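Trainee: only geometry, no sequence info:
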């Protein structure tokens, strides 16, 4: 079976990131459908027409996003109808829904939106509850096309609920005999090639079994490992993956911080919750990124009490109680100040744990003795105080990201100790 | 001319977002090369082989990222050599550089990395200063291939400097006779179809001239407009774009917050800098995201002094000076509390401007009277106080994003007033 995703929009070929295909391919993988090709195409009639023709020849499943909007550069609907030699039919009910969408928001419907009430004949209509463009599933036995064509709007907030509610159940019902299971491990603190070396024996041994696929993906200070198995026998697949899982943990130990959808902040959050501990953060060089990530977790207000972004010495002194002598003697980027900030925020917010960062994110502010990337990450708990020194490389955003990961991993390690 | 980008890595077809093609296509657009196709392919020999063959037939420029790593699933190098019928040659100097890369970090070189010292014969080597895999440019007149094949490593921190330093100058020198210029406008506060309606006359008029391309891209509460012109006569292109620019501003007025690479936070930062004003933020529902974005801007420490993430009533009372009676009477999500937080952080940090948010980000905490998405954004300056009420829809992350945009736009609008 060959499955492809086509994301349409000239902006995707001029610098905008396509996030739709990642979302769709992840959801499809979870129901055992592996995507074989992802393409981004321009909003150009001739290009779309040619590409659609080829896709209809090679793929059993074609999922298209984008180009269903109301504006002049939205061509998907018209060109797919042309290529499939099908008519576009005006649908009163959809027109009514679009009008209602605007009325609800006290807005006048722009004339442009009328275009969205035209549907390819014979298509199953997928309602769009958060926008105006309906989706379509086209599956025509009487025609020459073996493909199922699924068209969805481009905005993720519209496309994602339509995938979840309609497209995935539809595809699951159709292809439920195939089983693909994957396990994903997230690691911190190792480079990609070190991870590869550590699991090399496992990869070579298991490749002989011919049942497993290994993939590595490196991020800023994080490496993910995905291992998938495919087949017809679910019990056998589960057995193999369980065995691999225990071996992966033996290879990588507590460099693994999570599985599946887990993140450093979700894992730390779960541990804080379980241990009924509270957290506050004092951020200098990470500039609010740690608090932002911690508060991305639903329910984080139970354990996260306060953040302070201390971008000036005054804040460090007046609010966090860092002593002026310490600042003068060691400088704001120092082990002493980091420790004092962690203690200070813990005291100020009256939490069980205080987490603090100070460092030089660049591009300015570096010196020979204290170069850009020099960072101190510190943690104060009820029982102890720790400070770690890092020398990160990269641009400002990348250094902030590394500081955030180091701080959340320090928090995780501390909470893991409590667990034992 | 046909140009394509191929990003290789099975993870890209199982849920990981491809950011490389967005970066590369943006950079190419800036030197007048429009990308026509972006594809994501699995790390599978047969698939890569077939795809490379087709690409060599259809494209003048092929840029490939990924699959140059040291691990078992890195196949790009070998398969491109096979398809082009060229040998892989061991390169001592590269081997030396790779060994040095590990030595510098006090690490033992994993055996896996030896693979990266093999280069396709005749290729121009692109040094990789931040990683181990060198890039290659293959351009062979004596062979049948008209394509220039450029291979780069997958990690953005390695690929991007190689693009900037080597690939872009190389391509620019080669294709400098073609000119493409684009202007991008960023808007806040309008939906995509309203933007389209407002610029409809302009689009219809200019399309007749046959020289312009219009594109719209909608984000969470932001819409971007890209207008590009292509041709041989740079003066004519500049003239047309200048005319279009003034018309776009007439259509959309101060809904336009920036152009090109500008963001709400960079524009607000520039205005703060120029007006020599300082800023502090008190965030409840946005959880640090505003501070994070503000501090992403290099040099923000000049105007940004302090952030407080007030995730509990205690912080609002003790630190920001919100009165307990006010909290009890109106609730923490109220106009009164938002205003008091803005005043409080301004006073605490002794800045010219205090910016504050309070709201319900969900998924818990909503009620009939105060539903999820109800948000107050408030600003206190030396001359006045403002509070705006919003009712956002979407998931937690999306609501946080909308709150951040609303707050930064409120700040921008206030600073624009000072300017007049």
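Mentor: Everything's here; your move. Keep in mind it's a predicted model, so treat the numbers as computed, not measured. Numbers count the residues shown, from 1 in each chain, chains lettered A, B, ... in the order given.

Trainee: can we go C-alpha only for contacts and neighbour counts from here?
Mentor: Noted.

Trainee: enumerate the residues of the stretch 251-400 of chain A near chain B.
Mentor: A:286-292, A:295-296, A:298-299, A:301, A:304-312, A:315, A:349, A:362-364, A:394, A:396-397 (C-alpha under 8 Å from any C-alpha of the partner chain).

Trainee: 7 Å instead, please
Mentor: A:287-289, A:291-292, A:295-296, A:298, A:301, A:304-312, A:315, A:363, A:397 (C-alpha under 7 Å from any C-alpha of the partner chain).

Trainee: I'd like to know which of these are part of strands.
Mentor: A:304, A:305, A:306, A:307, A:308, A:309, A:310 (DSSP state E).

Trainee: if we can go back for a sec, and the buried ones among the residues of the stretch 251-400 of chain A next to chain B, selectable in ChimeraX?
Mentor: To isolate the buried members of these in ChimeraX, using 16 or more other C-alpha atoms under 10 Å in any protein chain shown:
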select /A:287,288,289,291,292,295,296,298,301,304,305,306,307,308,309,310,311,312,315,397
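
Trainee: list the contacts for residue A:351?
Mentor: A:278, A:279, A:280 (C-alpha atoms under 7 Å, 6 or more residues apart in numbering or on different chains).

Trainee: go again using 10 Å as the cut-off
Mentor: Contacts for residue A:351 (C-alpha atoms under 10 Å, 6 or more residues apart in numbering or on different chains) come out as A:277-281, A:303-306, A:345, A:380-382.

Trainee: and it, that one's in a helix?
Mentor: No - Residue A:351 is assigned coil when assessed by DSSP: H, G, I helix; E, B strand; the rest coil, not a helix.

Trainee: give the contact list for the residue nearest to residue A:118 when sequence neighbours are not counted.
Mentor: Taking C-alpha to C-alpha, 6 or more residues apart in numbering or on different chains as the measure, residue A:118 lies nearest to residue A:90, with 4.4 Å between them; neighbours along the chain are not counted. By C-alpha under 10 Å, 6+ apart, the residues touching residue A:90 are A:114, A:115, A:116, A:117, A:118, A:119, A:120, A:121.

Trainee: per-domain residue ranges of chain A.
Mentor: Domain segmentation of chain A under automatic domain parsing yields A:3-174, A:179-259, A:264-419.

Trainee: first vs last residue of the longest one, how far apart are they?
Mentor: I take that to be domain A:3-174. End-to-end distance for domain A:3-174, by C-alpha to C-alpha, to the nearest Å: 14 Å.

Trainee: now it: average pLDDT?
Mentor: Per-residue pLDDT over domain A:3-174 has a mean of 91.

Trainee: residue A:95 against residue A:116, yeah?
Mentor: Yes - between residue A:95 and residue A:116 a contact is recorded at 7.7 Å, counting by C-alpha atoms under 10 Å.

Trainee: residue A:365: neighbour count?
Mentor: Neighbour count for residue A:365, taken as other C-alpha atoms under 10 Å in any protein chain shown: 12.

Trainee: list the residues that contact the closest residue to it other than its chain neighbours.
Mentor: Leaving aside its chain neighbours, residue A:365 sits nearest to residue A:372 (7.0 Å; criterion: C-alpha to C-alpha, 6+ apart). For residue A:372, the contacting residues are A:359-366, A:391-396, A:399, by C-alpha under 10 Å, 6+ apart.

Trainee: tell me the spacing between residue A:406 and chain B.
Mentor: Per C-alpha to the nearest C-alpha, to the nearest Å, residue A:406 is found 17 Å from chain B.

Trainee: how about that residue, what does it touch?
Mentor: Taking C-alpha under 10 Å, 6+ apart, we find residue A:406 in contact with A:188-189, A:221, A:264, A:357, A:375-378, A:388-390, A:400, A:412.

Trainee: can you check residue A:392 too?
Mentor: A:221, A:359-361, A:371-375, A:398-400, A:402-403.

Trainee: got the phi and psi for the closest residue to residue A:70 other than its chain neighbours?
Mentor: Ranked by C-alpha to C-alpha, 6+ apart and with sequence neighbours excluded, the top spatial neighbour of residue A:70 is residue A:113, at 4.8 Å. Main-chain torsions, residue A:113, degrees, to the nearest 10: phi -70, psi -10.

Trainee: and if you look at residue A:137?
Mentor: The phi/psi pair for residue A:137 (degrees, to the nearest 10) is phi -120, psi 120.

Trainee: my guess is the residue nearest to residue A:70 meets residue A:97, correct?
Mentor: No - using C-alpha under 10 Å, residue A:113 is not in contact with residue A:97, being 11.1 Å away.

Trainee: intersection of neighbour lists for these two?
Mentor: Both residue A:113 and residue A:97 are contacted by A:132, A:133, under the criterion C-alpha under 10 Å, 6+ apart.

Trainee: interface residues of the stretch 101-250 of chain A facing chain B?
Mentor: Contact residues (C-alpha under 10 Å from any C-alpha of the partner chain) of the stretch 101-250 of chain A with chain B: A:107-113, A:130, A:154-157, A:182, A:192-198, A:200, A:203-204, A:213-220, A:224-226.

Trainee: recalculate using a threshold of 8 Å.
Mentor: Listed as neighbours of chain B in the stretch 101-250 of chain A under the rule C-alpha under 8 Å from any C-alpha: A:110-113, A:155, A:157, A:193-194, A:196-197, A:214-219, A:226.

Trainee: select only the buried ones of these in ChimeraX?
Mentor: Per 16+ other C-alpha under 10 Å, the buried members of these correspond to this ChimeraX selection:
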select /A:110,112,113,155,157,193,194,196,197,214,215,216,217,218,226
